[in-house]
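[1] everything below, folded, please.
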Amino acid sequence: MLRRDLLAGVAAAAVPTLPAAAASAGGTLRIAMTAADLPSAHGIPNNGFEGYRFLGYPPYDGLVNWDLRHHPDKPADITPGLFTAWKIDETNPLRWIFTVRQGVKFHDGTDFNADAVIWNLQRIYDEKSPHYDATAAPIVKASVSMVVGYEKPDGNTIVMTTKYPFSFLPYLLTRILMVSPTQFDKVGKTWAAFGKQPAGTGPFKITRIVPGQYIEMVRNEAYWDPTRIPKLERLVVSPMAEATTRIAALRSGQVDWIEVPAPDSIPSLKAAGFVVTLWPYPHTYPYCLNTEGDSPFKDLRVRRAMNYAIDRQGLCSLLNGIAKPAVGLYPPGNQYFGDPTQHYDHDPAKAKALLTEAGYGPNKPLKAKIMISTSGSGQMLPIPMNEFLQQNFAAVGMQIDFDVVEWGTMLVAIRSDPNAPQSHGDQGINISLSSVDPSSMFRYYAKDSFSPTNYNWGHFDDPTVTTDLKQAQASFDPAEQTRLLAAAHGKMVDQAPWLFIVHDLNPRAMSKKVRGFVPVQSWFVDFTQISMA
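    Predicted coordinates:
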C-alpha cells in the first residue's frame, strides 16, 4: 500500500498553464515547487524556506547573504550582502556595527541606503510604524527575536542592539530582506498592494504575478554584483503540491525543474534522460513534542520509547534512498553532534519496556495526535511517511493519530504556544526544520525560545542545555562555541524533545537542458549561474 502510494508515474493531473520557454540568450527556467500556493512576493516570503528559496533570494538581497557558489562539500556559510562588513562593539557585547553597501539601486530605480534599512527594520520590529507588517513580521521575528534596537549614526552605518550577547547575529540577518520604501508608497502604502508590484535589489526582478499559478522574474541587468548578473533571461516558479502533478509537468515539458520527485519515480526519470540530484543539507524531519501539561510526551521515558520504536532504515529504503536516518538535529560526525548516551536504533522491545515503565500497556495504550501536512518546504512525502511510522508505533502499543493540515496552517502553529488554538490541541508537530546557522539549537531547545517568542514549540526545558546554548552564543571564540554546542546537542539527544526521523537529501529532477546547476549544502539555490541549453 505504501509503495503504491509513493509510486508517482504520469497519471493525469491538472497542470497550470505556464509561459513558454523563451528561445533567447540564457533562456527561461520554469520550476514546480512543492508549495500548494505561491509564496508571498513582498519581501517576507511565507511557505517556509521554499518561499525564501524562490521568492526570497532571487528578487531580494538580505542584509547578509548566503554564499551558494563555493564549498559544496560543507554547509553554506554567509557572505556580505547589503551590509559589507560587521563587528561587535568592543565596549558593549550587545551592540553590533554594520557598514551599509553604497551604490545599490532598487528595481524601481531608487537608491538603497541606510534610511531604507531603518525603514525595513521598522516594518518588522516597530508595531507603531505606519508600515509595520503585522501579518508577515512574525515570520522574521520568530527567528531574529533578539534584536531590540537599531539606529543610523551616519549614512554608511547601522547599529543594532540585541537583548543578550548573540555572536551568531550575522547568520540571522540573511532573513531580513530589503524592499523599496518608494515603491511601497507608490502602490498605495499597503503590503497587499506591494506584493502585486514589488521591488527589491536582487539579481532577478519580479515582472508578472498570476495568483495561484506562477510568478515570473527577469534578469536584473544592473545588479550590483557583476559576477552574479543572471545568465537566465527569465525564471518562472509555480506551486504544485502533488508529486504526480510535478512529474507530469516535467515529462510533458511544461516545466524544466521539479522539487522533490516521488522516490519511486526516480529510476524511470533517469531512464528517460532527466537529471536527478541528491545532496545533503542542513535539514531534519522530526516530530516536535509537547513536553508540558498533560501531554504524554512530558515523560522522558515516552519520548525515548518513541525514538526507539521507529525503523529509520526501513523508512529510508521505502523512500528509495532520498533520506538518511536522523538521531539528532545534526548527524553523527558533525562537529556539533556531541556524545549522547542514547543511540536511537530500531528496538521495539526497548520501546515497549520504556512504555511499561511509564505506565502504559495493552489495557492502557498511549494515545496522541500529531499535526502533519499534505506537502510543503522540506516535508518530503508526509502522508505515506507517517503511515509507515504509524505502523511502527502500533507495533509497540502506541495509538498515534494525525491532524492533517495545509502547510501554511502548520507554519502558524509552530510559531504559536502549544496550548493556543492554532496548535489544535495536538501533542506534536511533524515539521521539517533547518540547522543552517550555529544558533539553530537555541531557537529549538532553549527556554528563552519558548513559542511564541521562537521555535521551541514543545516548551522543552533543560537548564543545562539552555546554559550551554547561551554561553555558546555569548562567546566569540569558534572553538569554545563548538565545544558548548556539541555538549548541548549530546544532552538534548538524551532528553529527546523531538522524535528524530530522517535527514532529507534534497532531491530534484530537471531537464538535461538545465546547465550550470551545482547542488550545495543549503536550503537555497543560486539561480544566477544557471542557463538553459
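
[2] how about Pro348: what's its closest non-neighbour residue?
    Excluding the flanking residues, the one nearest Pro348 by C-beta to C-beta, 6 or more residues apart in numbering is Val396, at 5.1 Å. Any C-beta I mention is one placed from the backbone N, CA and C, and that applies to glycine too.

[3] OK, contacts around that neighbour?
    Contacts here follow C-beta atoms under 8 Å, 6 or more residues apart in numbering; on that basis Val396 touches 305, 309, 348, 351-352, 355.

[4] one more time with 10 Å
    By C-beta atoms under 10 Å, 6 or more residues apart in numbering, the residues touching Val396 are 305-306, 308-310, 347-355, 360, 365-366.

[5] strands - which of those residues land there?
    Leu366 (DSSP state E).

[6] would you show me how to pick out the buried ones of the contacts of Val396 in ChimeraX?
    A single ChimeraX command selects the buried members of the contacts of Val396 (16 or more other C-beta atoms under 10 Å):
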select :305,306,308,309,310,347,348,350,351,352,354,355,360,366
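
[7] among the contacts of Val396, which are in helices?
    Assignment to helices by DSSP state H places the following of these there: 305-306, 308-309, 348-355.

[8] residues contacting Asp448?
    With contacts defined as C-beta under 10 Å, 6+ apart, Asp448 is in contact with 145-146, 163-164, 442, 454, 456, 466, 469-470.

[9] let me have these in TSV, adding pLDDT, distance to Ser416 and neighbour count as columns.
    Putting these into TSV (pLDDT from 0 to 100; distance: C-beta to C-beta, whole Å; neighbours: other C-beta atoms under 10 Å) gives the following:
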residue	pLDDT	distance to Ser416	neighbour count
Ser145	92	14	21
Met146	94	20	24
Lys163	95	21	12
Tyr164	92	23	12
Phe442	94	19	27
Asn454	88	12	21
Asn456	96	12	24
Thr466	97	21	19
Leu469	97	22	29
Lys470	96	24	19
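
[10] tell me the one of those nearest Asp403?
    Set against Asp403, the nearest of those by C-beta to C-beta is Asn456 (20.2 Å).

[11] what sits against that closest one?
    Contacts of Asn456 by C-beta under 10 Å, 6+ apart are 288, 291, 414, 418, 442-450, 466, 497.

[12] out of those, which are inside strands?
    Counting by DSSP E, the part of those found in strands is Cys288.

[13] and the furthest pair within the contacts of Asn456?
    Spatially, the most separated pair among the contacts of Asn456 is Ile414 and Thr466, at 19.6 Å (C-beta to C-beta).

[14] how close does the residue nearest to Pro348 sit to Arg304?
    The gap separating Val396 from Arg304 is 12 Å, by C-beta to C-beta, to the nearest Å.

[15] what touches both of these two?
    350-351, 354-355.

[16] tell me the one of those nearest Gly62?
    Nearest member of these to Gly62, counting by C-beta to C-beta, is Ala351, at 43.1 Å.

[17] from Tyr287, how far off is the closest one?
    Separation of Ala351 from Tyr287 (C-beta to C-beta): 15 Å.

[18] repeat for Asp37
    As judged by C-beta to C-beta, Asp37 and Tyr287 stand 25 Å apart.

[19] still on that earlier bit, what distance do you get for the residue nearest to Pro348 to Val502?
    Val396 is 19 Å from Val502, by C-beta to C-beta.

[20] same thing with Gln391?
    In terms of C-beta to C-beta, Gln391 sits 16 Å off from Val502.

[21] more crowded one of these two?
    Taking other C-beta atoms under 10 Å, Gln391 and Val502 do not tie; Val502 has more neighbours (23 against 14).

[22] surely the more buried one and Asp311 touch.
    No - look at Val502 against Asp311 with C-beta atoms under 10 Å: they stay out of range, at 11.1 Å.

[23] what residues are shared contacts of the two?
    Common neighbours of Val502 and Asp311, counting by C-beta under 10 Å, 6+ apart, are Pro325.

[24] list the contacts of Thr161.
    If you count contacts by C-beta under 10 Å, 6+ apart, then Thr161 has 89, 92, 94-96, 146-151 around it.

[25] among those, which ones are in strands?
    In strands, defined here by DSSP E, the members of those are 89, 92, 94-96, 147-151.

[26] and which of the residues you listed is nearest Ser252?
    Ser252 lies nearest to Val147 out of the ones in strands among the contacts of Thr161, by C-beta to C-beta, at 46.7 Å.

[27] so where is the stretch 201-350 of the chain shaky, pLDDT-wise?
    Judged by pLDDT under 70, the stretch 201-350 of the chain has no weakly predicted residues.

[28] hang on, Tyr125 packs against Lys163?
    No - Tyr125 is not in contact with Lys163 according to C-beta under 10 Å; the separation is 11.8 Å.

[29] what sits in contact with each of these two?
    What both Tyr125 and Lys163 touch, as defined by C-beta under 10 Å, 6+ apart, is the set 147-149.

[30] just the helices in the stretch 401-533 of the chain please.
    Assigned helices in the stretch 401-533 of the chain, in chain order: 407-414, 440-445, 463-474, 478-495 (criterion: DSSP state H, counting those that start in this stretch).

[31] next, the angle helix 478-495 makes with the third one.
    Here helix 463-474 runs at an angle of 160 degrees relative to helix 478-495 (axes from the mean of the first three to the mean of the last three C-alpha atoms, to 10 degrees).

[32] for helix 463-474, packing partners?
    Applying 3 or more C-beta pairs under 10 Å, 6 or more residues apart in numbering; DSSP states H and E, one finds that helix 463-474 contacts helix 440-445, helix 478-495.

[33] can you lay out the ones you listed as TSV showing distance to Gln342?
    Shown next, in TSV, are those (distance: least, C-beta to C-beta, whole Å):
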stretch	distance to Gln342
helix 440-445	15
helix 478-495	5
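
[34] please identify the deepest-packed of the ones you listed.
    Among the helices and strands packed on helix 463-474, helix 440-445 has the highest mean neighbour count (mean count of other C-beta atoms under 10 Å), at a mean of 24.

[35] for the residue of the chain most remote from its centre, report the pLDDT, please.
    Counting by C-alpha atoms, centre = their mean, the extreme residue of the chain relative to its mean C-alpha position is Asn363, 40.7 Å from that point. As predicted, Asn363 sits at a pLDDT of 90.

[36] likewise the one 4 residues further on?
    Confidence per residue is given as pLDDT, and for Lys367 that number is 97.

[37] so what's the residue count around it?
    Under the neighbour criterion other C-beta under 10 Å, Lys367 is assigned a count of 12.

[38] low-confidence regions, the stretch 51-200 of the chain specifically.
    Residues of the stretch 51-200 of the chain that meet the cut-off, pLDDT under 70, do not exist.

[39] can you show me the helices along it?
    114-125, 137-141, 169-172, 181-186, 191-194.

[40] what's the closest of those helices to Val493?
    Closest approach to Val493 among these is made by helix 169-172 (22.7 Å; C-beta to C-beta).

[41] who touches that closest one?
    62-64, 66, 77-78, 80-81, 83, 86, 88, 96, 98, 140, 143-147, 160, 162, 166, 436-440, 443, 473.
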